[in-house]
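> below are the sequence and a predicted model for it; my questions follow.
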Amino acid sequence: MNDTALSRVPPLDSIARWLASGLIFLGINTGVLYLAVQFLRLAVPVATVASAEVCTILRFLLNEIWVFKTRKMSWLRLWRYHLANAVALVVWWIATNVLNRLGLNYIFSSILAVGFSTGISFTTNFFWIWKTKRTAGHTAAE
């Protein structure tokens, strides 16, 4: 790997926090989905969209504050995050509902579908939304 390619690798501490955040929100999303289906009696396709939107806003805030440690909230980053999550959401939603229609429990379908959307989220989060500039040993989010 050359110096240019190596300089594009995100800091390992940020990757670790991002993965931890993902696991936290896997649990939160699963709980919201369960409540929406079992208690609000929403259909699974509607409940998956509702739980995804709630978690999108909350996870953006966690990413801003804890994962990428930005000093100032940004509407542009929120917009980009929403757009990137919309793409990942479509992939997750389709996978969740296809797996459910194939007979897999909706909770297990949702958890498995996360795997399909994680690559999209990682790439857009680290290389677009919170892309970092590295200069003389200093890393700063754009």
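That came in fine, so what should we check first?

> by mean pLDDT, point me to the weakest helix or strand of the chain.
Counting by mean pLDDT, DSSP states H and E, the chain has its least confident helix or strand at strand 138-141, which shows a mean of 52.

> contacting residues around L58?
L58 is in contact with F25, I28, counting by Cβ atoms under 8 Å, 6 or more residues apart in numbering. C-beta here means a position set from N, CA and C on the backbone, and glycine is covered the same way.

> skipping adjacent residues, who's closest to I24 in space?
Excluding the flanking residues, the one nearest I24 by Cβ to Cβ, 6 or more residues apart in numbering is L62, at 7.5 Å.

> run through the protein and note the low-pLDDT ranges.
1-7, 133-142 (pLDDT under 70).

> quick one, helices of the protein?
Listed from the start of the chain, the chain has helices (DSSP state H) covering 3-7, 12-38, 44-62, 75-101, 106-124.

> so which elements touch the second one?
Put plainly, it is helix 12-38. Helix 12-38 sits against helix 44-62, helix 106-124, with contacts defined as 3 or more Cβ pairs under 8 Å, 6 or more residues apart in numbering; DSSP states H and E.

> off-centre distance for that helix?
Relative to its chain's centre, helix 12-38 lies at 8 Å (Cα atoms, centre = their mean, to the nearest Å).

> pull out the buried residues from it.
Within helix 12-38, the residues that count as buried by 16 or more other Cβ atoms under 10 Å are 14, 17-18, 21-22, 25, 28-30, 32-33, 36-37.

> I120 versus A84, what's the distance?
Distance from A84 to I120, counting by Cβ to Cβ, to the nearest Å: 7 Å.
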